[in-house]
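**Student:** give me a model of this one.
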Amino acid sequence: MLTKRHLALIRAALQYFDEEMSPHGLRVMRPYFDEPLAAEFAEGEIQELRAGLNNCVLAYVRCDARTMTLATTEPSLDMDDIRLNAADRPAEIATILFPRPT
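**Tutor:** Coordinates of the predicted model:
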């Protein structure tokens, strides 16, 4: 499950990847992908992803992973809140990335 700490690590890794690997092209990046990429990144594609992740809010909901349905309709910014409310019925916690309010 994605936490705020994980998101910070992903942001940092993406920044490093963008600044240090992108200038050298797909040939240098290829070993780091778990699935092969057929084409180079489009101009600004990595920067767009970085901006999106920098401008998002992490929230949590309970879900039934078997049926892929939500067990709660109101997301919470506090994962512990969701865990406490899930005590009465089995559910897993899913993460949602919302655009930061402007």
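**Student:** now the strands for this protein?
**Tutor:** Listed in chain order, the strands of the chain (DSSP state E) span 56-64, 69-70, 92-99.
**Student:** and these, which is most packed in?
**Tutor:** Sort the strands of the chain by mean neighbour count, taking mean count of other CB atoms under 10 Å, and strand 56-64 sits at the top with a mean of 17. Glycine gets a C-beta too; all of them are placed from N, C-alpha and C.
**Student:** name the nearest residue to Thr73, ignoring sequence neighbours.
**Tutor:** Val61 (7.8 Å; CB to CB, 6 or more residues apart in numbering).
**Student:** may I see the buried residues of the longest helix along the chain?
**Tutor:** Looking across the chain with DSSP state H, the single longest helix is helix 4-16. Under the neighbour-count criterion of 16 or more other CB atoms under 10 Å, helix 4-16 has 7, 14 buried.
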